[in-house]
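S.K.: Coordinates for the following, if possible.
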Amino acid sequence: MTSDLDQEIRKIRDEIIVLSSMVEKAMMDSSTAMKDHDMNASGRILRGDLRINKKRFELEGIIIHSIATQQPISHDLRRLTSMLDMCSELERMGDYAKGMAQINLRSEGLQLPKILSDLAYMAEQAVDMLHRAISCFVNEDMEGATGIIGEDNKIDALYRQVYYEAIDIAADHPQKIEWVNYVLWSAHNIERFADRVTNICERTIFVVTGRRAQLQPAEFDEMPTVI
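M.R.: Predicted coordinates:
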């Protein structure tokens, strides 16, 4: 028989999925708007960020109320506190998408097609990581979450690729230095977005094991012991 607490946790989990979907869309739309020089889309992303913020605070209120009234322990408490942390992580990830939209509006269109395509690909990979990380959290898939943490190396490599492309452009075309700065700022936002995906994966490991794992790339084959 399903308890009231189980039902509440399922509802909160479903709302976390909704919030994550909003963030995924914001990042994809933001990188596409930058690549396509779409100022109207960037404006919509800024307005959509307000909805992400509202969703975050609503969810936090629900989670805090559940903890206070249901007094969960052990595994249930770990699930609720982890979802509370994830609300903050997801809202901040939405801010990175908003930041890219602001860059697009401020620049009035970056005429750097190759590097903008690379940025869009980098964003696509980071969003895919987030989508799978949320699935791992829902299914308490510790092995999958650990594997996603390893993929952060790929995002870092893409960031370095964009960085060196941007530096080459600045060296060959000094008049484009402002565009280069905007590109590097955007790439940094995506890199930080992916870093926060790894934080979510670490929360999955915590829910399963009760341990606050902070894995580094070289540690992927050292899975935490389930307790």
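S.K.: What are the buried residues along stretch 55-73?
M.R.: By neighbour count on 16 or more other Cβ atoms under 10 Å, the buried set for stretch 55-73 is 55-56, 59, 62-63, 66, 70, 72. C-beta coordinates here come from the backbone N, C-alpha and C atoms, glycine included.
S.K.: From these, which land in helices?
M.R.: Per DSSP state H, helices hold the following members of the buried residues of stretch 55-73: 55-56, 59, 62-63, 66, 70.
S.K.: any idea which of those is least confident?
M.R.: For those, the weakest pLDDT value sits at Q70, with 90.
S.K.: For it, give me its contacts.
M.R.: Contacts for Q70 (Cβ atoms under 8 Å, 6 or more residues apart in numbering) come out as 4-5, 8, 76.
S.K.: ok, of the ones in helices among the buried residues of stretch 55-73, which one's closest to I205?
M.R.: I63 (19.7 Å; Cβ to Cβ).
S.K.: Could you list the low-pLDDT ranges of this protein?
M.R.: 1-2, 213-227 (pLDDT under 70).
S.K.: What segments of it are helices?
M.R.: For the chain, the helices defined by DSSP H cover 4-36, 39-70, 74-107, 113-139, 142-150, 152-172, 177-209.
S.K.: In a markdown table: the contacts of Q70, plus distance to E140 and neighbour count.
M.R.: Putting these into a markdown table (distance: Cβ to Cβ, whole Å; neighbours: other Cβ atoms under 10 Å) gives the following:
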| residue | distance to E140 | neighbour count |
| --- | --- | --- |
| D4 | 21 | 10 |
| L5 | 16 | 16 |
| E8 | 17 | 19 |
| D76 | 12 | 19 |
